[in-house]
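J.: any chance you can model this:
(chains A, B and C, ligands or ions: 5)
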Amino acid sequence: MPDQPAPPKPPPPQAPAPQPGAAPALVNLVIDGRPVQAKPGTNLIEAANLVGIDIPFYCYHRRLSIAANCRMCLVEVSNAPKLVPACQTPVSEGLKVTTNSPKVMDSHRSVEELLLYNHPVDCAICDQAGECKLQDYYMQYDHRPYRPAQAKLLRHKRKEIGPLVVLDQERCILCTRCVRFMREVAQAPQLGVFGRGNREYIDIFPGQPLDNKYAGNTIDICPVGALLSRDNRFKARAFFLSETPSICAGCARGCNTFLDHYDGVAYRYRPRENDAVNQAWMCDDGRLTYHRLVDDRQTRALAGRVGSGQPRPVDEVVAAAAEKLRPLAGQTGLAVLVSPQLSVEDLLAVALLAREGLSATTIYEGGFADGDQDDLLLRADKNPNRLGLRWVAAAFGLELRPFDAFLEAVDEGQVKALFAAGTEVPKEPSFVAGVLGTLELIVTQAQSFGPLVGVSDFCLPAAPHSECDGSFVNFQGRVQRFQRAYPPREEAQPHWRLAEGFLKSLGFAHRWPTARDLFRELSPRVPDLASFDWDELGPGGRPAPGLAARPAAADARPPGYRERVVTPPWQVKAARTDRPAAQDGGDGAPRAAEPPRDPPPGVGR
Amino acid sequence: MARLFRMLLLGVLIVLGLCAWAWLGYLAVNWLGGVTLGWGWGATLGQAVAAIVFIQLLFVMIVATLLTLAERKWSAAMQDRIGPNRARLPGLGRFSLGGIPHVLADALKMISKEDFLPSQSNRVLYHLAPVLNFAPIFCLFAIVPMGPPVPIRHGFAVLVATLQIANPDVGLLYVFAIASLAVYGVSLAGWASGNKLALLGGVRASSQMIAYEVALGLGLVGMMMTAGTLRLDQMVQTQSQGLFGLSWLPAWGIFVQPLGFLLFFAAAFAETKRTPFDLPEGESEIIGYFVEYSGMKFGMFMIAEFVEIVTLAAIVTAVFLGGWHLSPAIDGGLASFAAVLVRWRFGFAEPTGVLLTLAVMQTAIFAVKVLVLCWLQLAIRWTFPRFRYDQIQYLGWRILLPLGLANVFATGVCLLLDPSLSLLGAVGLAEIGVGIAALLWSGAKSTQPAPAPAHVGSH
Amino acid sequence: MSDAPKPPPKAPAPVAYKAPELRPETLPERAFVPELLRGLAVSTSHFLRNLLFSRDPSPDVLHRRGPNLVSTVQYPEEVAPYPPGYRGMHRLVPRPDGNPRCVACYMCATICPAQCIYIEAGEYPQDPIEKFPRRFEIDELRCIVCGLCVEACPKDAIRMDTGTHCKPTYDRPTIVYGIDRLLKGPAVSHRTDVWFKREGSDPPADGHGHPIPPLPGEGKS
Ligand code: SF4
Ligand code: SF4
Ligand code: SF4
Ligand code: SF4
Ligand code: FES
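T.: Ligands and ions are numbered 1, 2, ... in the order given. Model (predicted):
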């Protein structure tokens, strides 16, 4: 498990006795023979997780109330005659928990069989296949053929219950995670459990679609393929996707996400756990912003206005554009428009270009227009890096003026030429393009096609944040790193790389092999960034870094579970019965000199 | 069965064709000799020119060219394959003519290929090497008598027409002298290519040739002593007599000098650089001295190899297989048959006509023997695995050379004791008998479970 | 060949392998020439048999008869019969209504060791099976005909039972087979196929599909 933070080192084996040095508040218990110390009130699933023991579960979710209705997590404890649900049972002093006894295994197997009783097992057409806990636990615990002979109950297989969500009632295992999420987190109880007994099912209320802004999270927390996304339905199999830690660029909150991609194409965002920013959720609008990384991309360098733009090599177009810009440097007629969609690194390079290369004293703020805001996650500012833009502009001595001021200046004829890093504008783009059509020179660095690309004299292909390393500053002032998921499409290059090209053509000798070098060279100029270490992500005094390696249970899955090699139960047993034999030497001779071995953390299970 | 008849028919056609070729050849030699005699330039010149055309161009070159195809077809037959049959002439539909169009296709290919010149090569020598290789081999055939001399009257003069280009007294020494020149072509090709592998091939070739040159000579010395001459036509004449006075057992070199035959054949085979002696080529590891050659330059190396096969077969025929003779009895029968033919045609046995007819038939016999020996060489090439390099040297220096010396010595002793060849014949037949016994013995042994592979050099 | 006195027998060195015991060579084998002649005899007999007798033109090389031993098959004119058990090129199995059985589950593409299957999924608007392959392409040049895709398919939608092999072509694009060329052969349906249970995505009123008759010997668990 290389991607997982190392589990805390277990205390020595005689741990069940109260430790003189240990904090008195901790409770000692033994899980599968391993001593565990946990805070009072921790449930057994989390406690077992501390020593790397997985207890299977469906309905439990760290951030939701506990329903204990799936019975998958039943374990044997020393203080109860019957099996108890691990999700609901808090730790208690001296408790002995067994998670792999035959009785527990039998219970897992029975629960699996019950859940599969009416399950269609149409994994072939189920988008969850590959990340489905039903599949995983079947392979791990059940592994038996289906026994009932009569036909399964049929229900709605394809009910589009909301703009983003499609429900398959047959696949549902009635864990009620989705119901609890809508009630407790989204505070919009739009889902309910209907029917009785065998015929229970999840549904929406008549005439009331699942249209909450956070409904997409039910797709993530549904442990099976009952709630699935309509957006990327049947687009890619989950087992083909690779995940890269990223940041949602949908609003100023900067929700931490995983970007799932395959073969250079992004397929979806999934929320990544970060208590300080987005807990384990993200909004539906943000979830769909991955389309910007894929659709309508402008990936060639174009020269020539209004549709006549011909693809040319990037270097050539940069040099030609720089030649046109050179005489305008320092003149008031040259306006620089910068979008807060750019990363901090992009902004640093663009600010350097504006300040030194183009001798500008003013830059205009672009970016998307404001929108809704709510109490949970959504911010009105729909740009991920406006604060970063402000910091950088201030540090480089550039006056930051709003977009309206830019339009006014254009109206008054003060603007002759435009250099735009990022073509996102808060007004209707075709209107803006119409206004700008009168300018003498328009140079843009654009990530997608749009009206502004159409009126550019020179348009350079810019790479979005999925295609380069960098960071955003969210509205709280958190600098959050994102990672490159795949190389830039075709000829696209990060904004900072293009700015470097401009600077070079204008006679400046800046060379940044990577975004990291750029950041290390330029960020000391920005006081707000000065203490931020690009590598460590944990500058002093700043909130914990945005990039947590593999947070546990962002969506209640075991951390990094897709890469995990699950040790089958039979091998687990073999490993455990081996150990005592090895300790007394195996040949009868006592090995007094050899110290008793610690059970290695996280292995042998 | 149909194929059997076709093959027999083909054989008869080949023999008839050879007869026709020989007949025309004699006529041409005679005619051109007369012409140059009339011009006062001497008959030899005209005879030689005619012989060059008929022997070198019409026999050697055509046979060598066909051998390039035969090598593929015959090896295919030995390996249970069909062989090349896909090149076809336009208008002939599905008939592949036994693959003969492949010869044309090969020629076209070689002529039209790029004439590649490696950048590291020595230009002059690189271009010269194929010629240096080809020319001596081509010259070798000049002293081979393909048919008996026939005296024909031209007015007052009598010209002896013979299918032999030149008949110097040095005879076989010419063979040794010229054959050893061919190595220059090969080693120069290896060196001038500027390629390490080619150089390796050239060096291997020269060392191999040096090793076998001696055995080559020694193998023939016995026969020279037996015949008491170096001239090939006289050697053939020597072999026309019967052994022990028996008219059915000819005194062929192979009977009186079986060891000499073996030595010479093995050594000459090594000189042709073909499997099992193909280390200079070494297709599987170094490709050899011609690795850098392409197109017709490579073609010259290849065709030289086949010319060498024909030449070797002809020399062996003349020296060891009785040339155009079969046995005294059969020769006599053929002479009577010739007389019958001439009488049937002209009404009486015109002596020159009889001689000419006999000569034509005997020339065809010579040619057939040559063809059979060519086949034998191809069969050997497709049967035996290649020697290891140390085995080659071992065989040359430590087996063939001592055997050759012993053979010369034994031959001398026998000839001193009995100049009439009877003793020599007895010893030779005894040697053959021992060989056959060994063969039978080894055959009996090999009915035991699979024998381990035997290597000549693994002593 | 040396007569040096034999060294005293030693305990064999412990080696990881055992060299085969070679029978000592007999004298005729060492003399070499008789062995050469015997080898020549073998190739000569093959040569004569193949030269003088007619070739058996039966394309089945396993059943050559007669003195001629040539086993070449003259391919375009003669075609060797496929051995029994030969499976042949893929086909996509049709359902009774003519659509492919395939549901674009990507199992075959996932398992394919040559990575030669390309699938794009689409969605049927009204069909109990919601998913179908909009594109299904096999690059037959890259396919190693291992049959793993057939094993992997959960829907019996891809089979290798055509008994033919892939036709040679003059360019690469034409050897990428799409649905149009892969979808062929007799339609197949199974007792458990979804379209026997329900008409569309909505459930029947009673929540049960059409009863599925149990197979003989089935039903008592
Ligand atoms: S929910 Fe899981 S088990 Fe059920 S069909 Fe989907 S992938 Fe298969
Ligand atoms: S739809 Fe999914 S999350 Fe909701 S109850 Fe069913 S299985 Fe659980
Ligand atoms: S036969 Fe093997 S290689 Fe060919 S498509 Fe199927 S899985 Fe791939
Ligand atoms: S495995 Fe079968 S059903 Fe799945 S995509 Fe391949 S052919 Fe279609
Ligand atoms: S009952 Fe504990 S996880 Fe569901």
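
J.: got the residue ranges for the helices in chain C?
T.: C:27-31, C:33-52, C:107-111, C:148-152, C:179-182 (DSSP state H).

J.: which residue sits closest to residue 361, ignoring its sequence neighbours?
T.: Looking at chain A here, since you left the chain open. Once flanking residues are discounted, A:T361 sits nearest to A:E399: 6.0 Å by Cβ to Cβ, 6 or more residues apart in numbering or on different chains. Where you see a C-beta, it was placed from the backbone N, CA and C, and this is true even at glycine.

J.: oops, wrong one, chain B.
T.: Closest to B:M361 by Cβ to Cβ, 6+ apart is B:L334, at 5.6 Å.

J.: number of nearby residues for the one you found?
T.: Using other Cβ atoms under 10 Å in any protein chain shown, B:L334 has 18 other residues around it.

J.: that one sits in which helix or strand?
T.: Per DSSP states H and E: B:L334 is located in helix B:328-346.

J.: by contact count, what packs against that helix?
T.: helix B:351-383 (3 or more Cβ pairs under 8 Å, 6 or more residues apart in numbering or on different chains; DSSP states H and E).

J.: downstream of whichever strand or helix holds A:D404, the next helix or strand is which one?
T.: Taking DSSP H and E as the definition, A:D404 sits inside helix A:403-411. Counting by DSSP H and E, the next helix or strand C-terminal to helix A:403-411 is strand A:417-421.

J.: direction included, what does that next one pair up with?
T.: Here strand A:417-421 is paired, per DSSP bridges, with strand A:334-338 (parallel), strand A:441-446 (parallel).

J.: how far out from the middle of the chain is whatever helix or strand comes next after the shortest one?
T.: Sequence order places helix A:344-352 as the next helix or strand after strand A:334-338, per DSSP H and E. Relative to the centre of its chain, helix A:344-352 is centred 25 Å away, using Cα atoms, centre = their mean, to the nearest Å.

J.: which residue does the stretch 301-450 of chain B bring closest to chain C?
T.: For the stretch 301-450 of chain B, the residue closest to chain C is B:S442, as judged by Cβ to the nearest Cβ, at 3.5 Å.

J.: pretty sure that residue belongs to a helix, no?
T.: Yes: according to DSSP: H, G, I helix; E, B strand; the rest coil, B:S442 belongs to a helix.

J.: nearest spatial neighbour of the most centrally placed residue in chain C, skipping sequence neighbours?
T.: For chain C, the residue nearest the mean C-alpha position is C:V145 (5.1 Å; Cα atoms, centre = their mean). Of all residues not flanking C:V145 in the chain, C:M160 sits nearest, at 7.5 Å (Cβ to Cβ, 6+ apart).

J.: just give the number of residues close to that neighbour.
T.: Using other Cβ under 10 Å, C:M160 is surrounded by 16 other residues.

J.: residues in contact with it?
T.: Contact criterion Cβ atoms under 8 Å, 6 or more residues apart in numbering or on different chains gives C:R87, C:G88, C:M89, C:H90, C:R91, C:V145, C:G147, C:V150 as the residues in contact with C:M160.

J.: what's A:R379 sitting at in phi/psi?
T.: When read as degrees, to the nearest 10, the backbone of A:R379 gives phi -110, psi 150.

J.: scratch that, A:F458
T.: According to degrees, to the nearest 10, A:F458 has phi -130, psi 130.

J.: related to what we said a few turns ago, and the pLDDT at the residue of the stretch 301-450 of chain B closest to chain C?
T.: As predicted, B:S442 sits at a pLDDT of 70.
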